[in-house]
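[1] Show me how the following folds:
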Amino acid sequence: MNLIPLLDVRRGGPIAHTRARIDAAASLREACLAPVPRWSRHICLSSIDRIAARWLRSSVSTYVDDLERVAEILGFPGALTLNMSYLFACTTSAANGPEGAPILRRSLDWPFAGLGRGVEVAWQAGPAGEFYNVTWPGAVGVLTAMAPGRFCAVINQAPMRRRTQSPIGLPYDAAINIGNALLREDGWPPDHLLRRAFETCASFEEAIELLSREPLARPALFTLTGAADRELALVERTEREALVLRGPVTVANDWQSPRPGWNGRMGFENNEARKASIRGFAPGWPVFRWAVPPVLNPTTRLVVEMSAAGKGELHARGYEAASWQSLPKPATADFTLREASVASLAA
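    Numbering: from 1, shown residues only. Here you go, the predicted structure:
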């Protein structure tokens, strides 16, 4: 069973992480692309990489150079494509723990094999301080992270904008949404903006303000917990608007209150079932006791539980499934930050 490494990349960030873990990134790429015929990979991925690169250069992200440098270091088609692929589904819970410290729980569901056994924790830093990013070698943005004494935050995929209500119109709406994001939208990729928050925001409130203000390339759900009692919030984002909801919250892949013209990802019943399940395990239960069906499902690749209170706590576990129909099993030993040793960057 794999160990989740802790890598000190406070100097160099994702570029240093990528440079030190080229082989791990290549293995991850092969695992993710296993269903794609080898003969088509270069042509397809190179074309998508070019589209992604062109779009990124028109965005307001300050990390475009980082991503292009990562692609150069890795030297294989797909580095940009895999970075810009959007997380499939997630379940998140933000609540006060038994002693008042906020606790953030999240599962991350993605249809790619290899992500569970390839997960790593990058110890990063920015002007506002240090943070721990649960990530993969070659990834530039942040999906799940904890900054001790400041805040924790994660991203869930937001609902899908619908112009038609029939199932037949679903592919049409999906294509229009992607086309608008790539051809018209110049906002931040959500994972890039969350990295910006961890690097530059000194507090929970500053992070909420940044995530609410900046333009986004696609809708997203940002869940945050601070270091103090009752610092709990969900930021529901469209490309230019934000709704901030305070207090304990459970999040799947829909708005907290339905909105006309939007459909929650994964379906209403699936979202509600996952939220009800994770809500049933109050903070104070053993770590990951909540990682059971339907929160745990065939596409679950990662579960994380963390708190920014004090020196910070972070627990992570990777999962892999034998088939797309079977429940996944742990692919890593459980990671606990306070017990982790920093791995050599030469490893």
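[2] residues contacting the nearest residue to Lys311 once chain neighbours are set aside?
    The shortest distance from Lys311 to any non-neighbouring residue, by C-beta to C-beta, 6 or more residues apart in numbering, is to Pro148 (5.4 Å). In this view, the C-beta of every residue, glycine as well, is placed from N, C-alpha and C. Counting by C-beta atoms under 8 Å, 6 or more residues apart in numbering, Pro148 touches 129-131, 227, 308, 310-312.
[3] wait, which of the residues you listed is closest to His17?
    Checking the contacts of Pro148 against His17 by C-beta to C-beta gives Phe131 as the nearest, at 13.4 Å.
[4] Surely that closest one touches Phe198?
    Yes - judged on C-beta atoms under 8 Å, Phe131 makes contact with Phe198 at a distance of 4.5 Å.
[5] tell me, what's touching the two both at once?
    Residues touching both Phe131 and Phe198 (C-beta under 8 Å, 6+ apart): 124, 145, 147.
[6] Scan those residues and report the most crowded one.
    The most crowded member of the shared contacts of Phe131 and Phe198, judged by other C-beta atoms under 10 Å, is Ala147 (29 neighbours).
[7] and the gap between it and Gly97?
    The gap separating Ala147 from Gly97 is 17 Å, by C-beta to C-beta, to the nearest Å.
[8] Can you pull out the low-pLDDT segments for the protein?
    Within the chain, the segments meeting pLDDT under 70 span 33-45, 47-48, 52, 78, 81-82, 84-89, 161-185, 264, 267-268, 346-347.
[9] Can you show me the helices along it?
    According to DSSP state H, the chain carries its helices in the segments 13-20, 22-32, 38-58, 64-74, 79-84, 170-183, 190-200, 204-213, 268-279.
[10] Include neighbour count when you put the contacts of Pro148 into TSV, please.
    Output for these, formatted as TSV (neighbours: other C-beta atoms under 10 Å):
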residue	neighbour count
Gly129	15
Glu130	17
Phe131	27
Ala227	20
Ala308	29
Gly310	10
Lys311	10
Gly312	20
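[11] Arg218: which of those is nearest?
    Phe131 (23.1 Å).
[12] Let me see the contact set for the closest one.
    Counting by C-beta under 8 Å, 6+ apart, Phe131 touches 124-125, 145-148, 150, 198-199.
[13] Let's see that with 6 Å instead.
    Counting by C-beta atoms under 6 Å, 6 or more residues apart in numbering, Phe131 touches 124, 145, 147, 198.
[14] Please name the nearest non-neighbouring residue to it.
    Ala147 (3.8 Å).
[15] I'd like to know how far the one you found sits from Ala308.
    Taking C-beta to C-beta, one finds Ala147 at 6 Å from Ala308.
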